[in-house]
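> no sequence on hand, only this structure:
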């Protein structure tokens, strides 16, 4: 069974998708912390398939969208990275409430792995942690996104000066608030 739902405080709702275990459950909850931006879109199907496979193997699985992304509440301009760390902790707590799980396994993909590492001290009963192609630090990640923007601008001769200046402030097509950066 797959169930999509919202949880959290009014105005700060997180969108989650719960995959109930098939057969005899293991008693473990696996929370999948996705990447962001274009990487989120590129991995969505694979992470859904991972969740389905894990639930077929008896795991409770919870996937989610960080606030300001996907179907969760808020605008990304109003969010900081620490809010996303809070979202991971909230998602784990929600998953434990839903499943009654006694241990938590965590999968973090790209920047989701970095955020997961920041959340780990606040999560109890952690079993396994998978850091999938982890981003090592936020500053180098932002610089890599800026490099993508520079390459895209080099390939697009049709932008005028003012448009080019505005686009140069993006992070691979995404605007981040000063608070986020």
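On my side now, so go ahead. It should be emphasised that the depicted structure is a prediction, and the values quoted were computed from it without experimental measurement.

> ok, now which ones touch the spatially most central residue of the chain?
The chain has residue 34 as the residue nearest its centroid, 3.3 Å off, counting by Cα atoms, centre = their mean. Contact partners of residue 34, counting by Cβ atoms under 8 Å, 6 or more residues apart in numbering, are 40, 43, 44, 47, 63, 64, 65, 66, 109, 112. Using the backbone N, CA and C atoms, a C-beta is placed for each residue, glycine as well.

> from those, list just the buried residues.
Neighbour-count burial (16 or more other Cβ atoms under 10 Å) is assigned, among those, to 40, 43, 47, 63, 64, 65, 66, 109, 112.

> just those residues now: which is nearest residue 164?
residue 40 (26.5 Å; Cβ to Cβ).

> now the strands for the protein?
Using DSSP state E, the strands of the chain run over residues 2-7, 14-19, 28-33, 60-65, 103-109, 126-132.

> contacts for the last one next, please.
When you say that, I think you mean strand 126-132. For strand 126-132, using Cβ under 8 Å, 6+ apart, the contacting residues are 28, 103-110, 113, 116-117, 120.

> want to throw the contacts of residue 34 into CSV with pLDDT?
Conversion of those to CSV gives the following (pLDDT from 0 to 100):
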residue, pLDDT
40, 93
43, 96
44, 96
47, 98
63, 98
64, 98
65, 98
66, 97
109, 98
112, 98
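
> and the residues you listed, which is closest to residue 161?
Looking across these and measuring by Cβ to Cβ, the closest to residue 161 is residue 40, at 31.7 Å.

> tell me the pLDDT at the nearest residue to the closest one once chain neighbours are set aside?
Closest residue to residue 40 apart from its sequence neighbours, by Cβ to Cβ, 6 or more residues apart in numbering: residue 34 at 5.4 Å. Listed pLDDT for residue 34 reads 98.

> mind checking how far residue 34 is from residue 156?
Look at residue 34 and residue 156: by Cβ to Cβ, to the nearest Å, they are 29 Å apart.

> surely residue 111 is in contact with residue 40?
No. Applying Cβ atoms under 8 Å as the test, residue 111 and residue 40 come out as separate, 9.4 Å apart.

> shaky segments in this structure?
Applying pLDDT under 70 to the chain flags residues 165-169, 171-174, 177.

> at 90 instead, please
Per-residue confidence for the chain (pLDDT under 90) gives these ranges: 1, 22-27, 37-38, 76-77, 138-139, 141-181.

> could you pull out the helices in it for me?
Applying DSSP state H to the chain gives helices spanning 37-56, 81-99, 111-119, 138-155, 161-167.

> to residue 23, which of the ones you listed lies closest?
With Cβ to Cβ as the criterion, residue 23 lies closest to helix 37-56 of the helices of the chain, at 8.0 Å.
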